[in-house]
Every structure is written in C-alpha cells, then in structure tokens.
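Visitor: build me a model:
(2 chains)
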Amino acid sequence: MKRVCCLGTSHIGAVKGGWDAIAKQWPDVALTFFGAPNLRVEESLQFLKLEGRHIVPTDRDVHRYFHITSGGLTRIDLDAYDAFVVVGGVGLTKPFDLYTFYRTDEQAHAAENVLVSADCLTEAFAGIFRATYTYRLCVGLHQLTKRPVLLLPDPRPSEALLASEGSDNLAWDFYIKLIKQMHANGDHRPEASYFKAALKAICQHGVTVVDTPDDLVVNSMFTPHRYCRDSVWLQNETYELSPNDDYFHMNQDFGARVLTDVLSRL
Amino acid sequence: MSPYENLPKRSFWKTGVAQSHAMEIRDLYIRKFEIGAETQIATAGSCFAQHIKRRLAKNGFKVMDFEPPPLGLGSERFSVYGFDQFSARYGNIYTVRQLLQLAQEALDIRKPAHVVWRKGERFVDGLRPALEPIGFKTPEAVALHRQNHLFKVRAMLHRMNLMIFTLGLTEAWVDGVDGTVYPTAADTVASPPPQSHLGFKNFTTAETIADFVEFRDLVKRINPTCAFLLTVSPVPLTATAGVEHVLAATTYSKSALRAAAGELAGTYPDVDYFPSYEIISSPAYKGFFFEPNLRSVSAAGVEHVMQTFFAAHPPHAQKPEVAPVTTTSAPVADVACEEALLEAFAK
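Guide: As a prediction, this is how the structure comes out:
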C-alpha cells in the first residue's frame, strides 16, 4: 500500500472529488487529505510549523480544516507517508500581477511599461514561485523526508472567463479583467509560455512540478470550461460547489485527470 | 598680511593631511548645495557610480529608478539584467560624450546608426552591451527595448532635480560614420556591424568640458532647476588602447577628468564636485582602499567615500538593510563593469 499525503489550498476540492471518483482504480494507494483554503490574504500554508517529526498548524482555522479534511487528524506525521502531493499556491495570478507594469518585446507594450526580455520575466516568475509558502513547504518536505514531493499548480482559468463581465469577488474581478486585457492584446500566448517555463525551472530541490496535461489546456492558457462547470472548492469548512463567477477552481473531472497523472508518477 | 594667514587647517598640507590620520582628514568636502529629502536624484557614470545609487537609497535619499527590477527576480541577478545600477538601465556611461549622446538620443536630437551589435547568434544593444546575459533573439527586439529605454531616460531628464555623474574614462570607441561613442571596443563583449568602423579616441580635458557644458545646456532647456554633482572614478584603467604604459594612461585619464570636473564646478553654481577620487587615490590614503590588484576598490573604501559624502549630506532616514554592510576589506564585486573584461586580453 502506497500512502500519499495530499495537502493544499482550496484547489484541493477538485482533487478530493477526483480521488473519490477514481479511488477504486488505485487499490494500492491510500490518500490522506490536509486542506486549508486561503482564508485571509495570506496563504494558509504559512500557518504550519515543524514539531519533532510532525507538521502542525499554528492557526486555529487551519487546525480545524485539517481535522475536517483528514477525517480527524490535525498533525502530519512525516514518517507516515511514502509521498507528498501539494496542491495550489503556485499559479498564474501572482506572476500575472507583473503584466500591469512589465512587458516583453513579444507583447504589446506602451512607453509607460518597463520592457524586459522573456528570459528575465521567466526568471522573475520562477522567483515568485520559489517565494511562495507552497514551494517552500515542498522543499522542506523533501529535505525532511527524502520522499517524492509533487507540486500541482493552480489550474489555468476557465476559457469562459473571456466572456465574463467580472465578479463581485474583488480578487477574481481584478484577474478576470487583467486576463481579458492580456488576451485582447494577444499577450496570453507568450505569458503562458513564460509561466510554463518558470514551472519547469522550479523543478529542483527534490520538488517535481506536475503541470496540467497539455490536453487540458486550450488557447494557450485556459482550461476547457467543461472542467470548471460544477467546480468544487474547499471553503466554509467543507467541499462545496464554488460560485458561478469562479473561473479559477475546477471540478472533480479535472481533479481526476490531474491526480491520475500524479499517481502514475509515484 | 599674507593671504595664507588665518586660513583654516584644511588649507595646509601639514595640518590638513600630514598631521592627520588618513581616516580622520576633516572637511575634505564642503557641499555647494543641499540635497533635500525630496530631491529627485538621478545617477549615472562608470562602474564605481553603481555604489552611489544603492548607498544613497539606503540612506533615505530619493534616488529615481525608471526601470526597476520585476518582483521575483533575485537581487543576485539584478546586475545580469542591468537593474539597480543607475536610474535607468543605460549601463555604465564611461565618458561625458556618451552621456551627452544618450541625452540627445532620448530627446530625439540624434539617432545612432549602428546600435545593434552581434553576440554569437544573438543581438545586443551596442550602447549597453551587458544588458542581457545572452542577448536578444532579433535586431528588432534590440530596437524595441532601446525605444522603451529612451522614453524612461527622457522622463528622467525631465524630472530629476539632481544628477550625480561619475566620470570614468577618457578613452572611448567611436563610430567612424556618425561619431557615436560606445562603452566597449569591438569584439570584447559583442561585435558591431563592419560598416561602423569603430576607432579609438582619447578625449581631452577641453572636449570633456565642452561635452558636459552641452549636456548641461540640454538638460537646463527642459529642466531649468536641475543641479549636477560630479565625481571622478578612482578606479584605474584595466587596459589602455593608446601607446602609453597603462599607468601613464591612467594618470592622463584621471587628471583630465579631474581637471574637467574642477573647472566645471568652479564655473557653474549648480555644479558641485565630490572628491571620491581623492579619497581613494591620494597618497594621503597610502593605497589603503585598493585591493591587492591595486585597481579594485575595497568595500571599506566605498564605505569611507560614502561616509564622507554623508557627513556633508546627512542621511534623511536609514532604511533597514537587507544584508549587513561589511566593514572588512572584502572586494566590492557586486558591480557590473564591462571595462574589467579587458583584463581577459592581458597575456
């Protein structure tokens, strides 16, 4: 029996849904989930500390979420698992913030933008990823256990985002508008290639990034909307359907596909 | 009564220098004007000038940066992409003619004919050849980056209240067709187009002064209240392309620049001179601040230069340091200097 610890952010909802759908096909694998959504501006995965050979939450909300998602556990026993899968926390949105100011010569740009090379921007993207709590957690897990650590980045947004007028969720609204502008400028293709190259660049320190399979990516940087319909996220202390204007979380079909990809690598 | 009577101690070599410990020489620099907390400072010059921007910013001065590094790029990679060296990514500007031509280009007065140089299969901006580690894929990309950069330089020229410029060299490489001065010779970092016919030129004091006067006039036309603070880089030449010994060539170059800076500061009320060159190079300091190669300036040397500067221009606020400033004489290796690459050609 291969014991896999799967921990992550709200995106863990799709993976859990996917696991429920495919678990029978993997009788020799046991998955234990530890999820905590980003309740505040900060990433929830920062509220963890090492206590002996256990990772324990330092925050009451994360503690409660771990208890709910794992079926009663609140501590991650580092020696109890053969592999670790970390879901979410590394994605398009943070590096895309740079698009408001930085452009490459492959993109539309105006005088007020700072023009940098594709190599430079890719390095910056990778640096942003390396600075996330998710990535640092992955590196730490490998250092402490020497076991495989696989990082599943946030899904690319649904292609339906392009027809959206926005969202009441201010963060989503910002990225919907930013990505629509990027797409209107034709800049999504180069931007997506920098993103992909940066994910490849952070495959180091024992961390394997399992990027979304190519057949789940359309128009360079989007997910087919059928994988976003009835999307599931970890929120309100349960796995629940995410709002209709959520183009960033995916459904259990998506989770099943990416999880199959992950498990086949273990 | 002798005009030397009642002069302060600083006016006499004996009391100003010989009887003082080198680290305790007083009043070496008396400022001509104040640099206020709101003064928008632009910096440019040779490699030595890169220290000035960082130290000023760390000490609460408003140093402009029109092309800051993107979030996520590691600070150890800034110089590889030309970030955080000066107020825009123009790289090292060794001669005043180069500074003048940059301003002229930014203000649409001139257009250099042969900006795109080759670096293997890639292309670089010959006027800032160390901007990208491996260069750009196409000549068009070089042109796009230069166009965007010039917009930033134009904004800088309009907005700066003070430009701190470090004069570095008199030796330069000049395009035989249009007179454009490049920071490197052909085939050191990259190769210019053959039709550019780059030739060697060693600027005179008079030419340096004339170039700066023209630069100052140009700036004053669009930015009448701008002031200038000149320094001379104490770093000797890595190599000379002239016939003289490199020591004699260095003496000529630094003397010409020092004389030009002195004359400019003596002529214009809005031009000041700060003696960083003297602090590092004068016999009074007995070579304390040079590394064993007698060329590189130690961290302690840079520190002492800036302490002297801050004694006259007190810091406005100390910004928290990311890393402690070393007080040992570790080499200051965190500046990018194409000129130092010439050492590779020494047999």
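Visitor: B:Asn293: how many residues sit nearby?
Guide: Other residues lying near B:Asn293 total 10 when counted by other CB atoms under 10 Å in any protein chain shown. C-beta coordinates here come from the backbone N, C-alpha and C atoms, glycine included.
Visitor: looking at this, it is in a helix?
Guide: No: residue assignment for B:Asn293, taken from DSSP: H, G, I helix; E, B strand; the rest coil, gives coil, which places it outside any helix.
Visitor: what's the separation between it and B:Gly287?
Guide: Taking CB to CB, to the nearest Å as the criterion, B:Asn293 is separated from B:Gly287 by 11 Å.
Visitor: what sits against the closest residue to A:Glu51 other than its chain neighbours?
Guide: In this structure, A:Glu51 finds its nearest non-sequential neighbour in A:Arg75, 7.6 Å apart by CB to CB, 6 or more residues apart in numbering or on different chains. For A:Arg75, the contact set (CB atoms under 8 Å, 6 or more residues apart in numbering or on different chains) comprises A:51, A:54-56, A:66.
Visitor: how about B:Leu218?
Guide: With contact taken as CB under 8 Å, 6+ apart, B:Leu218 is in contact with B:100, B:103-104, B:107, B:109.
Visitor: packing partners of the helix or strand containing B:Arg54?
Guide: Element membership of B:Arg54, judged by DSSP states H and E, is helix B:49-58. For helix B:49-58, the packing partners by 3 or more CB pairs under 8 Å, 6 or more residues apart in numbering or on different chains; DSSP states H and E come out as strand B:40-45, strand B:62-63, strand B:162-167, helix B:299-312.
Visitor: most tightly surrounded among the ones you listed?
Guide: Here the criterion is mean neighbour count by mean count of other CB atoms under 10 Å in any protein chain shown, and of the helices and strands packed on helix B:49-58 the winner is strand B:162-167, at a mean of 27.
Visitor: now do that one, average pLDDT.
Guide: Here the mean pLDDT over strand B:162-167 is 98, rounded to a whole number.
Visitor: my read: B:Ala185 touches B:Ala172, true?
Guide: No: the pair B:Ala185 / B:Ala172 is not scored as a contact, 9.1 Å apart, by CB atoms under 8 Å.
Visitor: what residues does chain B have near chain A?
Guide: With CB under 8 Å from any CB of the partner chain as the criterion, chain B meets chain A at residues B:66-74, B:77, B:81, B:132-134, B:136, B:140-141, B:144-145, B:148-149, B:151-152.
Visitor: picking that back up, out of the contacts of A:Arg75, list just those in helices.
Guide: Counted as lying in helices by DSSP state H, out of these, are A:Phe66.
Visitor: in chain B, where is pLDDT below threshold?
Guide: Counting by pLDDT under 70, the ranges of chain B that qualify are B:318-335, B:339-347.
Visitor: walking through it, point out its strands one by one.
Guide: Ranges of strands within chain B are B:40-45, B:62-63, B:116-119, B:122-125, B:162-167, B:171-174, B:181-182, B:199-202, B:227-232, B:271-273, based on DSSP state E.
Visitor: what lines up beside the last one in the sheet?
Guide: The one in question is strand B:271-273. Here strand B:271-273 has these sheet partners by DSSP bridges: strand B:227-232 (parallel).
Visitor: now find how far off-centre the partner strand is within its chain.
Guide: Counting by CA atoms, centre = their mean, to the nearest Å, strand B:227-232 is centred 10 Å from the centre of its parent chain.
Visitor: contacts for that strand next, please.
Guide: By CB under 8 Å, 6+ apart, the list of residues contacting strand B:227-232 from outside reads B:33, B:35, B:45, B:48-49, B:52, B:161-167, B:212, B:216, B:254, B:257-258, B:261, B:264-265, B:268, B:270-277.
Visitor: among the residues you listed, which ones are buried?
Guide: Burial by neighbour count, judged by 16 or more other CB atoms under 10 Å in any protein chain shown, picks out B:35, B:45, B:48-49, B:52, B:161-167, B:212, B:216, B:254, B:257-258, B:261, B:264-265, B:268, B:270-277 from the contacts of strand B:227-232.
Visitor: low-confidence ranges, chain A, go.
Guide: By pLDDT under 70, the weakly predicted segments of chain A are A:39-42.
Visitor: centroid-wise, who is the farthest residue in it?
Guide: Relative to the C-alpha centroid of chain A, counting by CA atoms, centre = their mean, A:Ala111 is the outermost residue, at 33.5 Å.
Visitor: that one: which element?
Guide: Using DSSP H and E, A:Ala111 falls outside every helix and strand.
Visitor: for chain A, list the residues in contact with chain B, please.
Guide: Taking CB under 8 Å from any CB as the contact definition, chain A meets chain B at A:95, A:97-98, A:101-102, A:105, A:109, A:111, A:113-117, A:119-121, A:123-129, A:131.
Visitor: buried ones among the residues you listed?
Guide: With neighbours counted using 16+ other CB under 10 Å, those contain these buried positions: A:95, A:97-98, A:102, A:105, A:109, A:113-117, A:119-121, A:123-129.
Visitor: could you list which of those belong to strands?
Guide: A:102, A:114-116.
Visitor: and which of these is nearest chain B?
Guide: Sorting those by how near they are to chain B, with CB to the nearest CB, puts A:Leu115 at the top with 3.9 Å.
Visitor: residues in contact with that closest one?
Guide: A:Leu115 makes contacts with A:102-105, A:109, B:144-145, B:148-149, as judged by CB under 8 Å, 6+ apart.
Visitor: over to A:Ala30?
Guide: Listed by CB under 8 Å, 6+ apart, the contact set of A:Ala30 reads A:1-4.
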